[in-house]
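>>> sequence-free structure coming up:
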């Protein structure tokens, strides 16, 4: 910190040698305009020490340019692309199941093109198949092969893509700073919060005494629909329960249906008001037990499920 | 987020996904570079960048134009330090240390000239990498953001939340240390 006054030196450059050195760095970094660059070059021509600094900097720049950059592997790129792609693809598929209008679908393809432009192999796959045929064949495959992979189910049209979306939401929540948007073990807090956000909330019984503590809620957006999600803790595992308000056409699944997606186990069932998806990395028996207790709790205390 | 999502989110979600592909994916190499230098190794860098990309995806609506690389790298830097605080609590430099570093005046020049420059230019990349790794955190991130990621002084100043003059002096200090180290090796390469 040298106290250098603004002396009327004719080239306007700093007098302090250290500050002048910064100007050499700025020159090398292309941060100077033409006039300043010219002035610095003149100073360098007159001052061998500055010229030596410049030579060292250029040499260092060359050395740094040779430092190996990490390679973006195809696998890693695909993983990152999937963050946006899964969400986008599901929206396309879920929101236009039967009546496909030209506009949105064109947009969807354009959209997929954008995302997949980064993934040559995937692009070939999408271009060479009709997507409806592919979806149909994959749906069949998924039925035959119970251990359907995330990649396959992503391309499917029906509940499997919903399950993948639920799985991705759950995974994101595990990676996020907090898995819930509203922290509370009190359904009287969680339900009004969800009602206020999205106008709908499921029963939210706290089952801490059964080993499933309600820790809060959040909003999941699946397809184009925001829907309530409750989060329970069971030992070290989190269980996300997504409650999709039922549409008339949605098929009824009164008996719990065991699924898996994205490496997580899911249980899916419906009641009069909601289509429920419970997902966790807990063991299957624990998840089934949670579902059984949750269903029993809301039947025993329907008040917990009434709006408001 | 304050506003409740509603029916109008379909289109915007698609636009946001397209924006993610444009803004984030082309700069993954830079993101990995920065994370690699901040965390110290390549395997951790992928974890950090993946986490940063999840945040970038969630916050893509907040990208207000400007340099997408700088925007992504800001998120990567934050994610790196969050990760470091969690996984390597001891190696994170406390903020108090930075002021001390910034006050230290540059080392006196060992008035070497062209032979030193030749040595620096000939340094093999392993030696360069080791020298970068040995820099204090504040200097390392500045020199990586400038010389590896190619950000401008202004972008670095914005990212680090320091004046441009501080960026310039940290950069000069960082490079001074690198040049001393690489130029000081007198064994033939």
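It's in. Everything quoted here is computed from the prediction, not taken from an experiment.
>>> can you map out the helices along chain B?
Counting by DSSP state H, chain B has helices at residues B:9-23, B:28-39, B:42-58, B:68-87, B:95-103, B:114-122, B:125-134, B:137-143, B:153-160, B:164-184.
>>> worst average pLDDT in the ones you listed?
Least confident of the helices of chain B, judged by mean pLDDT, is helix B:95-103 with a mean of 48.
>>> by contact count, what packs against the helix or strand residue A:61 falls within?
According to DSSP states H and E, residue A:61 maps onto helix A:48-65. Secondary-structure packing of helix A:48-65 (3 or more C-beta pairs under 8 Å, 6 or more residues apart in numbering or on different chains; DSSP states H and E): helix A:17-28, helix A:34-46, helix B:114-122, helix B:125-134, helix B:164-184. Yep, even glycine has a C-beta here, placed from its N, CA and C like the rest.
>>> can you do 7 Å?
Applying 3 or more C-beta pairs under 7 Å, 6 or more residues apart in numbering or on different chains; DSSP states H and E, we find helix A:48-65 packed against helix A:17-28, helix A:34-46, helix B:114-122, helix B:164-184.
>>> Could you identify which of those helices is most buried?
Among the helices and strands packed on helix A:48-65, ranked by average contacts under mean count of other C-beta atoms under 10 Å in any protein chain shown, first place goes to helix B:164-184 (a mean of 21).
>>> what's that one in contact with?
Helix B:164-184 is contacted from outside by A:21-22, A:25-26, A:56-57, A:60, A:63, B:102, B:106-107, B:112, B:116, B:119-120, B:123, B:127-128, B:131-132, B:135, B:138-140, B:142-143, B:146, B:153-154, B:156-157, B:160, using C-beta atoms under 7 Å, 6 or more residues apart in numbering or on different chains.
>>> How many residues are close by residue B:29?
The tally of other residues near residue B:29 (other C-beta atoms under 10 Å in any protein chain shown) stands at 16.
>>> list the contacts for it?
So residue B:29 contacts A:69, A:70, A:72 (C-beta under 7 Å, 6+ apart).
>>> For the last one, which residues are in contact?
Read it as residue A:72. Counted by C-beta under 7 Å, 6+ apart, residue A:72 has contacts B:28, B:29, B:32.
>>> try the second one
When contacts are counted by C-beta under 7 Å, 6+ apart, residue A:70 is found next to B:29, B:32, B:33, B:36, B:42, B:45.
>>> give me that answer again for 6 Å
By C-beta atoms under 6 Å, 6 or more residues apart in numbering or on different chains, the contact set of residue A:70 is B:32, B:33, B:36, B:42.
>>> so the last one sits right up against residue B:36, yeah?
Yes: Residue B:42 is within contact range of residue B:36, at 5.4 Å (criterion: C-beta atoms under 6 Å).
>>> Which of the contacts of residue A:70 are buried? Put it as a ChimeraX command.
This is the ChimeraX syntax for the buried subset of these, where burial follows 16 or more other C-beta atoms under 10 Å in any protein chain shown:
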select /B:32,33,36
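>>> and chain A, which of the contacts of residue A:70 contact it?
Filtering those for neighbours of chain A using C-beta under 6 Å from any C-beta of the partner chain leaves B:32, B:33, B:36, B:42.
>>> Now for these: which two are most distant?
Greatest spatial distance in the ones next to chain A among the contacts of residue A:70: B:33 and B:42, 9.9 Å, computed using C-beta to C-beta.
>>> So which bits of chain A are right by chain B?
Close to chain B, as judged by C-beta under 6 Å from any C-beta, chain A has residues A:22, A:25, A:31, A:52, A:55-56, A:59-60, A:62-64, A:66-67, A:69-70, A:72, A:76, A:80, A:83-84, A:88, A:91, A:111, A:114-115, A:118, A:175, A:197-198, A:221, A:224, A:226.
>>> and the residue in the stretch 101-250 of chain A that chain B sits nearest to, how many neighbours?
Per C-beta to the nearest C-beta, residue A:224 is where the stretch 101-250 of chain A lies closest to chain B, at 3.9 Å. Counted by other C-beta under 10 Å, the residues lying close to residue A:224 total 19.
>>> SS state for the spatially closest residue to residue A:225 that is not a sequence neighbour?
Leaving aside its chain neighbours, residue A:225 sits nearest to residue A:244 (7.4 Å; criterion: C-beta to C-beta, 6 or more residues apart in numbering or on different chains). Here residue A:244 is strand, with the state taken from DSSP: H, G, I helix; E, B strand; the rest coil.
>>> Stretch A:195-204 spans what distance, first to last residue?
Taking C-alpha to C-alpha, to the nearest Å, the first and last residues of stretch A:195-204 lie 12 Å apart.
>>> What residues of it count as buried?
Within stretch A:195-204, the residues scored as buried using 16+ other C-beta under 10 Å are A:197, A:198, A:200, A:201, A:202, A:203, A:204.
>>> Need the residues you listed in JSON lines (columns: pLDDT).
Listed next are the buried residues of stretch A:195-204 as JSON lines, based on pLDDT from 0 to 100:
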{"residue": "A:197", "pLDDT": "80"}
{"residue": "A:198", "pLDDT": "83"}
{"residue": "A:200", "pLDDT": "84"}
{"residue": "A:201", "pLDDT": "85"}
{"residue": "A:202", "pLDDT": "87"}
{"residue": "A:203", "pLDDT": "86"}
{"residue": "A:204", "pLDDT": "87"}
